[in-house]
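**Q** fold the following, please.
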Amino acid sequence: MMPMLPPTERLKIISRVKAIVLKHHFNVGHVNYADWSRNVEEQSPSLLSVDDDEFENGVRNFLSELKSSHTSFYRSGAEATLPQHAIGVTLRSVPYNGAPRWMVLDVFEESPAARAGLSPGQFLVTVDNTSVVPPTLPTFRFGQEHRLTTDAPGQSRLRDFILLIPSKERKRGRPPLIEPRCVSHQLLGKIGILKVPFFPGTFGIQFSRLLDRAIESLKTEGCDRLVIDSRGCLGGSLGFARLASYLCPDRIPIGYDISRRRLERGYDATQLPRVPMPSSMLELLFCIARFSVRDKSLVLLTQGLGKQPFHGRVVLLINEWTNSAGEMLAQFAKDTKAAVLIGKQTRGNVLGSTAFRIGSGYWLYLPVFGWFSPSGNCAEGLGVQPDIDVDIDPDRLAFGDDCQLTKGIDHLR
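**A** You can find the predicted model right below:
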């Protein structure tokens, strides 16, 4: 067990967190920095003598007042992790037997939950013999084994699952996650179903190759309509732009990102550099060289992949756990009418973040740029609304009846 941090070290950590926020945090208008700084100053003395857990929660409370996504404070190797990042499931609070329970909503392929046999529609009863009840989400730790007990409609008794979560190193200081299978596909008649829960890799080059193979396989088998399932999407990186490129024939804007410096200085979106997603390592190196010494605000373009057999007949499934890059894709599809959005409103987390080393093993993950649609709209805190609002039915999901997917298929038929 690590010794408790001394007060002098805690003051240094709080001071560094405050300095980084004031210099780098991307504010979409939700916070007054003077008020925020004053609150940090007033509350800091109360965090000097509490235990480390209370100290960490106190710093997280400061950060929550920024009201921005992609914001966290954590210690290397010690963080408890949310279900979607550790075991590969998203959860929803649903009334069950007269009380709110956590229902399994999305299960990612090749995740610890999928390998253990967990499926949508099951209700969590306990995690490690401790009852789990909304609104507190259960957390999990990498490199550990967890025991889950579930109930479900039509199930005669409780079921036990053992989930082994492998150890996971963070990348460049970012909070670690167990990456699900990023692309899977199947064909139903002439309707292709493409599941994309994550866009891995900083620049999405490898993801693009996997996506190309999946799309080519579907087209070879006669696919002329497409369902893209981005429900529960964790977000990720630039790979989403490759998928956006498959939704339109020409090279057009997907959206633009703005750095804090450019936001404060003022900008004209029509004057920003227009850059297509790199399709090769050579193009990637050129982009890195081009923007390494200048403001990285730019308009991201599709790649102009030409006419596809499914154009005009695409459905994009979304829900309340569709995050970040998944929402950028959804906003693009909605604005351009490249797909019909079916499901529920997305999460509203579209800021771009980076990690800062704080000291004493702590990291701060903080948004440093904003993402806007070509028309200037930002979905941060708002999410993307579906064109057709359809929810799942908790009483039917456990039996494999996915109302959102069924609606998407019916719409295309």
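**Q** where does the stretch 101-250 of the chain dip in pLDDT?
**A** Along the stretch 101-250 of the chain, the model assigns pLDDT under 70 to residues 169-174.
**Q** show me where it has its strands.
**A** 123-127, 130-131, 145-151, 159-164, 184-188, 191-195, 225-229 (DSSP state E, counting those that start in this stretch).
**Q** same thing with the stretch 301-413 of the chain?
**A** 314-318, 340-343, 352-359, 362-372, 388-389.
**Q** could you say which of those is packed most deeply?
**A** When those are scored by mean count of other CB atoms under 10 Å, the highest mean neighbour count falls to strand 314-318 (a mean of 28). The way it works is simple: take the backbone N, C-alpha and C, and place the C-beta from them, glycine included.
**Q** so which elements touch that strand?
**A** strand 225-229, helix 324-336, strand 340-343, helix 403-412 (3 or more CB pairs under 8 Å, 6 or more residues apart in numbering; DSSP states H and E).
**Q** out of these, flag the one nearest residue 235.
**A** helix 324-336 (2.6 Å; CB to CB).
**Q** which residues of the stretch 201-350 of the chain fall in helices?
**A** For the stretch 201-350 of the chain, the helices defined by DSSP state H, counting those that start in this stretch occupy 205-220, 240-245, 260-265, 281-291, 324-336.
**Q** give me the residues contacting the first one.
**A** Defining contact as CB atoms under 8 Å, 6 or more residues apart in numbering, one finds that helix 205-220 is touched by 182-185, 187, 192, 194, 196, 199-201, 226, 236-237, 239, 242-243, 246, 278-281, 284, 308-309.
**Q** coming back round to it: okay if I get the helices of the stretch 201-350 of the chain as CSV plus mean neighbour count and distance to residue 298?
**A** Below are those laid out as CSV (neighbours: other CB atoms under 10 Å; distance: least, CB to CB, whole Å):
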stretch, mean neighbour count, distance to residue 298
helix 205-220, 17, 18
helix 240-245, 26, 12
helix 260-265, 14, 10
helix 281-291, 13, 7
helix 324-336, 26, 14
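**Q** for the stretch 251-400 of the chain, give me the ranges with low pLDDT.
**A** Residue ranges of the stretch 251-400 of the chain with pLDDT under 70: 280-294.
**Q** point to the residue nearest the middle of this protein.
**A** residue 234 (3.0 Å; CA atoms, centre = their mean).
**Q** what's the closest non-adjacent residue to it?
**A** Nearest non-adjacent residue to residue 234, counting by CB to CB, 6 or more residues apart in numbering: residue 198, 4.7 Å away.
**Q** and that neighbour, how close does it get to residue 277?
**A** 17 Å (CB to CB, to the nearest Å).
**Q** who's more crowded, those two?
**A** Neighbour tally, residue 198 and residue 277, criterion other CB atoms under 10 Å: the higher count belongs to residue 198, 26 against 23.
**Q** surely that one and residue 232 touch.
**A** No - counting by CB atoms under 8 Å, residue 198 does not reach residue 232; the two are 9.3 Å apart.
**Q** need the overlap of contacts for the two.
**A** Joint contacts of residue 198 and residue 232 (CB under 8 Å, 6+ apart) are residue 108.
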